[in-house]
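Undergrad: The amino acid sequence is not available; the structure is as follows:
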Ligand SMILES: Oc1ccccc1-c1ccno1
């Protein structure tokens, strides 16, 4: 997979040189390129924004600068036919976007090429998303949660980590992806324990020391259900109970 990130703060994305995503880049699993939006400006002040039409506070990022940047990194500037459906999926982090979830990460992890446009100020001129949708590109305006950040870079870090770790070969044991919170069962993960078996006056639940794997699986699913019901009742309502029952039969 290739991911191009365009931002006015490229250093913000330095964290992606570290840990699993960094290893995926070194291994050639993930081709991640970070670009400075100002490289596509044409004035000596390298201007990327201007005042909003209709008035209001703050500044809006210019469509012409973003257009040159996205055309370049997506290959559209050299595409034979501008209208051809692009292999690129444009991701625009924004507080006004659809919620980015594990399902979103799973879908994006199947893409060939993501371009992530990190906006700042009051946002990116709305015509940018409109233009690329009309050009046949899939465009997803996504929020990582109901709060406001100063820019899209932090959201980009979150999304790229959530997507990158799903790529084949990135996580050592793919099994570990199955039982995570928000995984296939649609539950939060059960509580985990390791040595020492007694820490102060706190002990590890006996069932986990029993060696009885069927009981351990059942205990863990019960804990996941309880935790989900207590902390995320919204997820319980969405649960596919039939699937859980099928899972139960497997245990
Ligand atoms: O608050 C933001 C500002 C710019 C770009 C993205 C965001 C955001 C907030 C939540 N998810 O994304």
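TA: Now that the structure is in, tell me what you want to look at. In this text the structure is predicted, and so the values were computed from the model without any measurement.

Undergrad: Could you use CA atoms for every contact and neighbour count after this?
TA: Noted.

Undergrad: How about residue 224: what's its closest non-neighbour residue?
TA: Closest residue to residue 224 in three dimensions, ignoring its sequence neighbours and counting by Cα to Cα, 6 or more residues apart in numbering: residue 190, at 4.4 Å.

Undergrad: separation between the one you found and residue 183?
TA: Separation of residue 190 from residue 183 (Cα to Cα, to the nearest Å): 12 Å.

Undergrad: Looking at the two, which has the bigger crowd around it?
TA: Higher neighbour count among residue 190 and residue 183: residue 190, with 19 against 15, using other Cα atoms under 10 Å.

Undergrad: Show the contacting residues for that one.
TA: 220-221, 223-224, 227 (Cα atoms under 8 Å, 6 or more residues apart in numbering).

Undergrad: rerun at 7 Å
TA: Residues touching residue 190, when contacts are defined by Cα atoms under 7 Å, 6 or more residues apart in numbering, comprise 220, 223-224.

Undergrad: same deal with residue 132?
TA: Counted by Cα under 7 Å, 6+ apart, residue 132 has zero contacts.

Undergrad: just the helices in this protein please.
TA: Per DSSP state H, the chain has helices spanning 19-26, 63-74, 102-108, 127-134, 153-164, 213-231, 233-237, 241-250. These are given in chain order.

Undergrad: Identify, out of the ones you listed, the most deeply packed stretch.
TA: With neighbours taken as mean count of other Cα atoms under 10 Å, the helices of the chain reach their highest mean count in helix 153-164, at a mean of 21.

Undergrad: Check whether that helix comes near the ligand.
TA: Yes: shown here: helix 153-164 in contact with the ligand (Cα under 6 Å from any ligand atom) through residue 155.

Undergrad: Nearest to the ligand among the contacts of residue 190?
TA: Comparing these against the ligand with Cα to the nearest ligand atom picks out residue 224 as the nearest, at 27.0 Å.
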